[in-house]
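Undergrad: Okay, sequence plus prediction incoming.
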Amino acid sequence: MANQSMNSSDVLMTRKQAAEYLGKICLTSLGRLSIRCTRIRRRVFYRKSVLDTFLEESTQSKGAKP
């Protein structure tokens, strides 16, 4: 049997939850960002760990000097 325990960073979020987690961006904008998602049938989910990585990378790139 597969290990079914999930840590808090592997939580799946709906598009609405992910948009709110990223700072209340609109759902259309969320779909345009290059964030890896998981599709289950027609539904789209985002892993919290992937969203955290996206936030970290986007914050670092804004603070970088050209």
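TA: Thanks, I have the structure now.
Undergrad: What are the contacting residues of the longest strand that the chain contains?
TA: Looking across the chain with DSSP state E, the single longest strand is strand 43-47. Contact with strand 43-47 is made by 9-15, 17-18, 35-39, as judged by CB atoms under 8 Å, 6 or more residues apart in numbering. Backbone N, C-alpha and C define where each C-beta goes, glycine included.
Undergrad: Same question for stretch 28-37.
TA: Residues contacting stretch 28-37 (CB under 8 Å, 6+ apart): 15, 18, 19, 22, 44, 45, 46, 47, 50, 51, 54.
Undergrad: quick one: the first one and residue 60, what's the gap?
TA: Think residue 15. Going from residue 15 to residue 60 by CB to CB, to the nearest Å gives 25 Å.
Undergrad: Check residue 12 too.
TA: From residue 12 across to residue 60, the span is 25 Å (CB to CB).
Undergrad: So for these two, which residue has more residues nearby?
TA: residue 12 (16 against 9; other CB atoms under 10 Å).
Undergrad: my read: that one touches residue 49, true?
TA: No. Between residue 12 and residue 49 there is no contact, the gap being 10.4 Å when judged by CB atoms under 8 Å.
Undergrad: Nearest residue to the middle of this structure?
TA: Residue closest to the average C-alpha location in the chain (CA atoms, centre = their mean): residue 51, at 3.1 Å.
Undergrad: That residue is in what secondary structure piece?
TA: Per DSSP states H and E, residue 51 falls inside helix 48-63.
Undergrad: residues of that helix that come out buried?
TA: Of the residues in helix 48-63, 48, 50, 51, 54 count as buried by neighbour count, 16 or more other CB atoms under 10 Å.
Undergrad: Output the below-cut-off pLDDT ranges for this protein.
TA: Judged against pLDDT under 70, the low-scoring parts of the chain cover residues 1-9, 61-66.
Undergrad: And the helix or strand containing residue 31, what's buried?
TA: In this assignment (DSSP H and E), residue 31 forms part of helix 27-32. Going by neighbour count (16+ other CB under 10 Å), the buried part of helix 27-32 is residue 30.
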